[in-house]
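> Below: sequence and its predicted model.
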2 protein chains.
Amino acid sequence: MPSRKKAASPQRRSPCPVSCALEILGDRWTLLIVRDLCLGRTRFKDFTSSPENIPTNILTDRLERLTAEGVIARVPVSEGAKRYRYELTEKGRDLRPTLRALTRWGLKWEEGTAIGMKPL
Amino acid sequence: MPSRKKAASPQRRSPCPVSCALEILGDRWTLLIVRDLCLGRTRFKDFTSSPENIPTNILTDRLERLTAEGVIARVPVSEGAKRYRYELTEKGRDLRPTLRALTRWGLKWEEGTAIGMKPL
């Protein structure tokens, strides 16, 4: 069973699970941050150094939203440190099948795509 | 092999297949149209009657983009008719694993979600 299931928001468009998932994940950037985390990238600067060049204001916003949604957690780099890293929660790790499906689709249908990013 | 593989766009952020997939699918609405098509909804008015109430200007834009990307095809309702229906291409049908993964994730992690839409 999930350790933390998020309560329904009153702004939901519908109870459809795809619609609700897209309210969290449905933009051009969010799943790229989840991809980076799956590859072992954990720090703000790691995400900004990914090849898509995410703008820092968008990155800050998405990290806050993903934290609020329980997809990622922010943890101090070391005890008492003021710098943070991010890690996927169970809910976030559970997005791996979605990323795999998108990876297969992109590789099959979009010319010139390739798996070039290596896990850290 | 895919019947039609789309050439790389010069505006691509990176050759990552996830990034390229999100350039087509990464918004709050596009995959809901693909969901509707998987459920047998094919007409403009079918999409507007889905519970999420997609604004018609967004729907028009997304149908044009999905057609241009080869994910859907527009076909006359009957021979010589001026009204159209939409159908998934092979590339579009190949998004079903992505929709299934998002469905499972939403059902597991977002409270109050349910599969309520029936195939037509």
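Received, thanks. Source: prediction; values computed, not measured. Residues are numbered from 1 along each chain as shown, chains lettered A, B, ... in the order given.

> Please pick out the residue of chain A most distant from its centre.
The outermost residue of chain A, judged against the average C-alpha position, is residue A:80 (25.6 Å), by C-alpha atoms, centre = their mean.

> Does that residue fall in a helix, a strand, or a coil region?
coil (DSSP: H, G, I helix; E, B strand; the rest coil).

> now residue A:104
Secondary structure of residue A:104, per three-state DSSP, is helix.

> Tell me the pLDDT of it.
Listed pLDDT for residue A:104 reads 98.

> and it, how many residues sit next to it?
15 (other C-beta atoms under 10 Å in any protein chain shown). Heads up, the C-betas are built off the backbone N, CA and C, glycines and all.

> In which helix or strand does the closest residue to it other than its chain neighbours reside?
Nearest residue to residue A:104 in three dimensions, chain neighbours excluded: residue B:97, at 7.2 Å (C-beta to C-beta, 6 or more residues apart in numbering or on different chains). In the assignment (DSSP states H and E), residue B:97 maps to helix B:96-109.

> May I see the buried residues of that helix?
B:98-99, B:101-103, B:105-107, B:109 (16 or more other C-beta atoms under 10 Å in any protein chain shown).

> For chain A, just list every one of the strands.
For chain A, strands defined by DSSP state E occupy the ranges A:72-76, A:84-88.

> which one of the ones you listed is the most hemmed in?
When the strands of chain A are scored by mean count of other C-beta atoms under 10 Å in any protein chain shown, the highest mean neighbour count falls to strand A:84-88 (a mean of 17).

> on that earlier part again, quick one, grab the pLDDT at the residue farthest from the centre of chain A.
So residue A:80 comes in at 83 (pLDDT).

> now swap in the one 5 residues further on and tell me
pLDDT for residue A:85: 97.

> Look at the spatially closest residue to it that is not a sequence neighbour and say how many residues are nearby.
Nearest residue to residue A:85 in three dimensions, chain neighbours excluded: residue A:42, at 4.1 Å (C-beta to C-beta, 6+ apart). Neighbours of residue A:42 under the rule other C-beta under 10 Å: 18.

> Show me what the spatially closest residue to residue A:84 that is not a sequence neighbour is bridged to.
Nearest non-adjacent residue to residue A:84, counting by C-beta to C-beta, 6+ apart: residue A:74, 4.9 Å away. Here residue A:74 sits in beta bridges with residue A:86, going by DSSP bridges.

> how near is residue A:74 to chain B?
19 Å (C-beta to the nearest C-beta, to the nearest Å).

> Tell me who's in contact with residue A:63.
A:33, A:44, A:47, A:72, A:74, A:86 (C-beta atoms under 8 Å, 6 or more residues apart in numbering or on different chains).

> residue contacts, residue A:97?
Under the criterion of C-beta under 8 Å, 6+ apart, the neighbours of residue A:97 are B:101, B:104-105.

> Distance to residue A:12 added to these, as JSON lines?
Formatted as JSON lines, the contacts of residue A:97 follow (distance: C-beta to C-beta, whole Å):
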{"residue": "B:101", "distance to residue A:12": "20"}
{"residue": "B:104", "distance to residue A:12": "18"}
{"residue": "B:105", "distance to residue A:12": "16"}
